[in-house]
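Undergrad: What follows is a predicted protein model with its sequence.
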Amino acid sequence: MSHTAWIFLLVFAALAISSCNRESRIESRQRRLNTFRSVLPMDVRNEFDEIIDSENCADVGFLLEEARACDISVDAAIDSIVRAELIDTFSNEEIVYFFWYYFAQAIETGSVREP
């Protein structure tokens, strides 16, 4: 086998091995959604889980705003999440909509495409 063939085989093997443990887009979104949901107070989480359409996001956003104002640990956790998601300029309603539409709704409807 030629030197070029060995290099090609080595690169191919490295790429194949590195892609074996790669998280799928659905798994990534589910993990990120779970992280968001885990920091919500129980009442906000329950209301988030009951969102049917985008109009419900305003009410849940208001609940999130109240929770953040009342509990510094919730505020800090949400702040950390929105910074990681690069949505730190979003209002509480927009944060709720983001996680509902792009995560919960997308996973539920199967609209998350894999590369």
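TA: Perfect, I can see it now.
Undergrad: Of all residues in the protein, which one is nearest the centre?
TA: By C-alpha atoms, centre = their mean, the chain has its centre lying nearest to Arg32, at 3.2 Å.
Undergrad: shaky segments in this protein?
TA: 1-20, 115 (pLDDT under 70).
Undergrad: so after the one helix or strand the residue nearest to the centre of the chain maps to, what's the next helix or strand?
TA: If you go by DSSP states H and E, Arg32 is part of helix 25-39. Proceeding N to C from helix 25-39, the next assigned helix or strand is helix 42-49, under DSSP H and E.
Undergrad: Can you list the buried residues in that next one?
TA: 44-45, 47-48 (16 or more other C-beta atoms under 10 Å). (C-beta placed from N, C-alpha, C; glycine too.)
Undergrad: CA atoms only: put that helix into PDB for me.
TA: Output of helix 42-49 as PDB, limited to C-alpha atoms (Å, rounded to 0.1, in the frame of the first residue of the first chain):
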ATOM      1  CA  MET A  42     -41.900  23.800  39.500                       C
ATOM      2  CA  ASP A  43     -44.900  26.100  38.700                       C
ATOM      3  CA  VAL A  44     -43.000  27.700  35.800                       C
ATOM      4  CA  ARG A  45     -41.900  24.300  34.500                       C
ATOM      5  CA  ASN A  46     -45.400  23.000  34.600                       C
ATOM      6  CA  GLU A  47     -46.700  26.000  32.700                       C
ATOM      7  CA  PHE A  48     -43.900  25.700  30.200                       C
ATOM      8  CA  ASP A  49     -44.700  22.100  29.600                       C
END
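Undergrad: Please enumerate residues in contact with it?
TA: With contact meaning C-beta atoms under 8 Å, 6 or more residues apart in numbering, helix 42-49 is reached by 37, 40, 56, 59-60, 63-64, 67, 96, 99-100, 104.
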